[in-house]
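S.K.: next comes the sequence, and after it the predicted model I'd like to discuss.
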Amino acid sequence: MKTYFITGGAGFIGGNFILNLMNSGQAKVINYDKLTYAGNLDTLSSIEGETGYTFVQGDICDREKLTKLFETHEIDYIVHFAAESHVDRSIDTPGDFIQTNVVGTFELLEAAKKYVESKKLTGKESFRFLHVSTDEVYGSLGETGLFREETPYAPNSPYAASKASSDHLVRAYYKTYGLPVLTTNCSNNYGPYQFPEKLLPLMIYNALKGEPLPIYGDGKQVRDWLFVEDHCKAILQVLEKGKVGEDYNIGGHNEITNLEVVKTLCEVLDELVPDSRFRPHENLIQHVTDRPGHDRRYAIDASKIQNQLGWKPQESFETGLRKTVKWYLENNDWVERVMSGAYRGERLGLEKP
């Protein structure tokens, strides 16, 4: 049975990944999370107290604490989800993103390097360090073309720049020290347990309350949407079958404009909540001032992970969206607990460059 050290496991993708691992009955998990505003242990309440699951509250910038944990556990996989990830927040407070995403990744790499050296691991064993990153490091595409693993980095927001920096650090620790690393760059995730500052959960939350559905600019920005459960399965494939030192793009094969996303969501809500007094929910859409430096199009070529590792997404955007909306409708208590904290759905990221 493998032992996974998960950073950011109380967040959206990390939490879903841990639930999938624990439900398999084939893993031990150490969940290391600082519990910032977007961290929510409610997500993991179903596995609290289970044998094989341990939660440790901590900061990835705390190398001493990380080192002590690594000394007391036999770890097979480090999966690094922990990050500040909301682009709008990075415009307002870029320093937080540098500290967590760059400095934090550096401290984690240093602790992992010491662990590998102390255990005299050569990289031929099962130990792997998997760094979870984003397609935003590549910048913005034109109307055609796809992001490939060889696409040059051209980040346009403080968030994307911080993730690009962390990607380079991870690669450098492989090239310089032989740390057995893997990196994944994913497209926009959606699904259960996503913090409601992101597009889909925010739109669901607002629509059910009859509040405006804000669309940045003309809404024609294109994103490739990836259902979170598909992403979790891809990460497992990379961990188990990926080649050390390689990067793998993970996409959902669902290129859709933001405006189309919200309109489709409204149609699903109209169907699933037929007695809503706010139907048709599309009437709640409002176009607002665009975000500075807003990339126009992201689209991932995921042929490498499909051809080499046999992974491809199982959910279309329509099936994944329906599952997501149903989950939020059935788990409104989770949403309300999250929204009772410091976050109130306020608009962020209006600072001009």
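M.R.: Yes, it's here.

S.K.: every contact and neighbour count from this point should use C-alpha atoms.
M.R.: OK.

S.K.: my guess is H281 contacts V268, does it?
M.R.: No. Judged on Cα atoms under 8 Å, H281 makes no contact with V268 at a distance of 9.5 Å.

S.K.: have a look at the two and say which one is more surrounded.
M.R.: For H281 and V268, the more surrounded residue by other Cα atoms under 10 Å is H281, and the numbers stand at 25 against 18.

S.K.: distance of that one relative to G178?
M.R.: For H281, the distance to G178 equals 53 Å [Cα to Cα, to the nearest Å].

S.K.: buried set for the longest helix along the chain?
M.R.: In the chain, taking DSSP state H as the definition, the longest helix is helix 158-177. By neighbour count on 16 or more other Cα atoms under 10 Å, the buried set for helix 158-177 is 158-167, 169-171, 173-174.

S.K.: closest one to R296 out of the residues you listed, please.
M.R.: A160 (14.2 Å; Cα to Cα).

S.K.: confirm for me that the closest one is in contact with S140.
M.R.: No. Here A160 does not reach S140: they are 11.0 Å apart, not a contact under Cα under 8 Å.

S.K.: where along the stretch 201-350 of the chain do the strands fall?
M.R.: 213-216, 222-227, 247-250, 255-257, 285-288 (DSSP state E, counting those that start in this stretch).

S.K.: any chance of these in JSON lines with mean pLDDT as columns?
M.R.: Formatted as JSON lines, those follow (pLDDT from 0 to 100):
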{"stretch": "strand 213-216", "mean pLDDT": "95"}
{"stretch": "strand 222-227", "mean pLDDT": "96"}
{"stretch": "strand 247-250", "mean pLDDT": "99"}
{"stretch": "strand 255-257", "mean pLDDT": "95"}
{"stretch": "strand 285-288", "mean pLDDT": "96"}
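
S.K.: figure out which of these is closest to G310.
M.R.: Between the strands of the stretch 201-350 of the chain, strand 247-250 lies closest to G310; by Cα to Cα that is 12.1 Å.

S.K.: one step back: buried deepest among the strands of the stretch 201-350 of the chain, which one?
M.R.: Comparing the strands of the stretch 201-350 of the chain by mean neighbour count (mean count of other Cα atoms under 10 Å), strand 247-250 ranks first with a mean of 26.

S.K.: parallel or antiparallel, list what pairs with it.
M.R.: The strands beside strand 247-250 in its sheet (DSSP bridges) come out as strand 181-186 (parallel).

S.K.: now do the helix or strand just after the strand it pairs with: distance to the chain's middle.
M.R.: Next helix or strand after strand 181-186 toward the C-terminus (DSSP states H and E): strand 188-190. Taking Cα atoms, centre = their mean, to the nearest Å, one finds strand 188-190 lying 7 Å from the centre of the chain it belongs to.

S.K.: listing partners with orientation, what would you give for strand 188-190?
M.R.: According to DSSP bridges, strand 188-190 forms sheet pairs with strand 222-227 (parallel).

S.K.: which residues does the strand it pairs with contact?
M.R.: 186-191, 251-258, 296-300, 313, 315, 317, 320 (Cα atoms under 8 Å, 6 or more residues apart in numbering).

S.K.: how about a cut-off of 6 Å?
M.R.: 187-191, 251-252, 254-257, 297-299, 320 (Cα atoms under 6 Å, 6 or more residues apart in numbering).

S.K.: does N258 touch Y216 like I think?
M.R.: No. Assessed by Cα atoms under 6 Å, N258 is found out of contact with Y216, at 8.5 Å.

S.K.: give me the common contacts of these two.
M.R.: Counting by Cα under 6 Å, 6+ apart, N258 and Y216 have no contacts in common.

S.K.: now the helices for the protein?
M.R.: Taking DSSP H, the helices of the chain run over residues 12-24, 63-72, 87-92, 94-97, 105-119, 158-177, 199-209, 228-241, 258-272, 303-309, 317-330, 332-339.

S.K.: name the residues of the fifth one that come out as buried.
M.R.: With burial defined by 16+ other Cα under 10 Å, the residues of helix 105-119 counted as buried are 105-116.

S.K.: ok, now the shortest one?
M.R.: Going by neighbour count (16+ other Cα under 10 Å), the buried part of helix 94-97 is 94, 96-97.

S.K.: looking at these, which is nearest K34?
M.R.: Out of these, the member with the shortest distance to K34 (by Cα to Cα) is D96, at 13.4 Å.

S.K.: now the closest one: how far from E74?
M.R.: Using Cα to Cα, one obtains 31 Å as the distance from D96 to E74.

S.K.: ok and the longest helix of the chain relative to strand 181-186, angle-wise?
M.R.: Counting by axes from the mean of the first three to the mean of the last three Cα atoms, to 10 degrees, helix 158-177 lies at 160 degrees to strand 181-186.

S.K.: report the angle between helix 158-177 and helix 105-119.
M.R.: Using the same axes, to 10 degrees, helix 158-177 lies at 20 degrees relative to helix 105-119.
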